[in-house]
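J.: no FASTA, just this:
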Ligand code: ZN
């Protein structure tokens, strides 16, 4: 197993929609094992394949419940409810946390590594991670979930930092 370098803000792979996975073969199983290792090494609570430069619709997450990492292949958010604000960060925008408002509860349908249909659902951290990772797989970033004024402020912060000011 190996730890991937994580792609950061500005890398076009983060803005590219990922492709659905067909057959789950050894290369997919290896990729998932390496993504889990990379997530824990970071450390983070979720990781999408395009964050490590692979344009496939795969994400892993760990809702911090001691049951370990979950795998989502071809996940889709099928239902959301409510709304709440939570401090949110991203391994691809390292060092920043912003209060972001998103639906509170989310349901995701996906396939697991055995090729079986699985449903992940929850509010709080789980609901947040599910939406955040599916956003990555659509070519999105947490900045997209901000209202325009907040996004402008956040981008100014990131740009100032990358210029070394
Ligand atoms: Zn992220």
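T.: Good, I have the coordinates. Keep in mind that what you see is a predicted model, and the values were worked out from it rather than measured.
J.: From residue 21, how far off is residue 74?
T.: Here the distance between residue 74 and residue 21 works out to 6 Å (C-beta to C-beta, to the nearest Å). Glycine gets a C-beta too; all of them are placed from N, C-alpha and C.
J.: Which residues are in contact with each of the two?
T.: Each of 57, 58, 111 lies in contact with both residue 74 and residue 21 under the rule C-beta atoms under 8 Å, 6 or more residues apart in numbering.
J.: Could you list the buried residues of the lowest-mean-pLDDT helix or strand in the chain?
T.: Of all helical and strand segments in the chain, the minimum by mean pLDDT, DSSP states H and E falls on helix 148-162, at a mean of 88. Of the residues in helix 148-162, those scored as buried under the neighbour-count criterion (16 or more other C-beta atoms under 10 Å) are 151, 154, 158.
J.: for it, the distance to its chain's centre please.
T.: In terms of C-alpha atoms, centre = their mean, to the nearest Å, the centre of helix 148-162 is set 20 Å apart from its chain centre.
J.: Leaving out chain neighbours, which residue sits closest to residue 139?
T.: Nearest in space to residue 139, with sequence neighbours left out and distances taken as C-beta to C-beta, 6 or more residues apart in numbering, is residue 17 at 4.3 Å.
J.: Show the contacting residues for the most centrally placed residue in the chain.
T.: Among the residues of the chain, the one closest to the centroid is residue 133, at 2.5 Å (C-alpha atoms, centre = their mean). Taking C-beta under 8 Å, 6+ apart, we find residue 133 in contact with 46, 47, 48, 59, 61, 72, 75.
J.: which outside residues touch the least confident helix or strand of the chain?
T.: By C-beta under 8 Å, 6+ apart, the surrounding residues in contact with helix 148-162 are 9, 10, 93, 95, 96, 98, 143, 144, 146.
J.: what's the neighbour count on residue 164?
T.: Neighbourhood size, residue 164 [other C-beta atoms under 10 Å]: 5.
J.: Quick check, pLDDT for it.
T.: Reading off the per-residue confidence, residue 164 sits at a pLDDT of 72.
J.: That one belongs to a strand?
T.: No: judged by DSSP: H, G, I helix; E, B strand; the rest coil, residue 164 forms no part of a strand; its state is coil.
J.: Following the chain past the lengthiest strand in the chain, name the next helix or strand.
T.: The single longest strand within the chain, with elements called by DSSP state E, is strand 70-81. Later in the chain than strand 70-81, the nearest helix or strand by DSSP states H and E is strand 84-89.
J.: Paired strands for whatever helix or strand comes next after that following strand, with orientation please.
T.: Counting by DSSP H and E, the next helix or strand C-terminal to strand 84-89 is strand 97-102. Neighbouring strands of strand 97-102 in its sheet, by DSSP bridges, are strand 84-89 (antiparallel).
J.: I am finished for the moment; much appreciated.
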